[in-house]
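>>> Quick one: sequence and predicted model below, then my questions.
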Amino acid sequence: MQPFDTLDGAILIDKPAGPTSHDIVDAIRRQFRIKKVGHCGTLDPNATGLLIIVLGRGTKLSEKLMSSDKVYEGTIKFGETTDSFDADGEVTGSQPVPPLTLELLNAEADKFVGDQMQLPPMVSAVKIKGVPLYKLARKGLEVERKERMIHIYTFRFTDYAEPFARFRVACTKGTYVRSLAHDLGQRLGCGAHLKTLRRAVSGKFDVADAIEFEEVMNLSPAELEKRVIPFLQLSRAE
């Protein structure tokens, strides 16, 4: 077997709001002149948190790492719906927020725990006949989508100050947290959308061990090497 290069592996990035996951990949590829760079699980542009960037032969482990369970933290705004189910979309409706408490919100959140079928939002990267849904949505089109099986392990609210509530959710890959926010708003009868989102955990990796993107871009190649999780260690990750 060909010896592993010091950059064959992965680096944990704390993604800022703004750039797309692809922007991060492209910037690292150009900055460090690495031919093969990828990421393990897209974060929406305004989402922050853990983004696993695979380098060199580490890209062969992308599918395995992407299949891991995730933990997210964020904020939901009640009383307002958007076409994308998050704060990036156009407002589609506004309703008064009923009296809500943490107890009531957590009682409703508990109903989402377990296996369920989830319909991907139109504004998403899911492809229909090779075309991402968000491109069709930009044209004002809405097409039939297939529901996906997901699993919610835990869904808990930690703070509520009308109309915002903070939450933490542990779920399987492919879960659209903004769909959870939208669906919860529909159940409560006032509508809701995802205001902020941060990925805290992906598999066995935690954002606490990640490096900020801006800091990565200021590293020397030698300093980057020290941050790389080696291929063999990465291959043993569950």
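Good, I have the coordinates.

>>> residues touching residue 179, list them.
85, 118, 119, 120, 121 (Cβ atoms under 8 Å, 6 or more residues apart in numbering). Glycine gets a C-beta too; all of them are placed from N, C-alpha and C.

>>> Among the residues you listed, which one sits closest to residue 182?
Distance to residue 182, by Cβ to Cβ, is smallest for residue 85 among these, at 4.2 Å.

>>> Could you tell me how many residues sit around that closest one?
Residues lying near residue 85 (other Cβ atoms under 10 Å) number 25.

>>> Could I get the contacting residues of it?
Applying Cβ under 8 Å, 6+ apart, the residues near residue 85 are 121, 123, 176, 178, 179, 181, 182, 193, 194.

>>> Select from these every entry located in strands.
193, 194 (DSSP state E).

>>> Greatest separation within the contacts of residue 85: which pair is it?
It's 123 and 181 that sit farthest apart of those, by Cβ to Cβ, at 13.3 Å.

>>> circling back to that earlier point, okay, the contacts of residue 179 in CSV with distance to residue 213 and pLDDT next?
What follows is these, written out as CSV (distance: Cβ to Cβ, whole Å; pLDDT from 0 to 100):
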residue, distance to residue 213, pLDDT
85, 25, 92
118, 29, 89
119, 32, 80
120, 27, 75
121, 26, 73
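
>>> Lowest pLDDT pick from the contacts of residue 85?
The member of the contacts of residue 85 with the lowest pLDDT is residue 123, at 65.

>>> ok, residue 97 touching residue 163?
Yes - here residue 97 reaches residue 163: they are 5.0 Å apart, a contact under Cβ atoms under 8 Å.

>>> where do the contact lists of the two overlap?
In contact with both residue 97 and residue 163: 78, 79, using Cβ under 8 Å, 6+ apart.

>>> close enough to count as contact, residue 54 and residue 62?
Yes - counting by Cβ under 8 Å, residue 54 does reach residue 62; the two are 5.5 Å apart.
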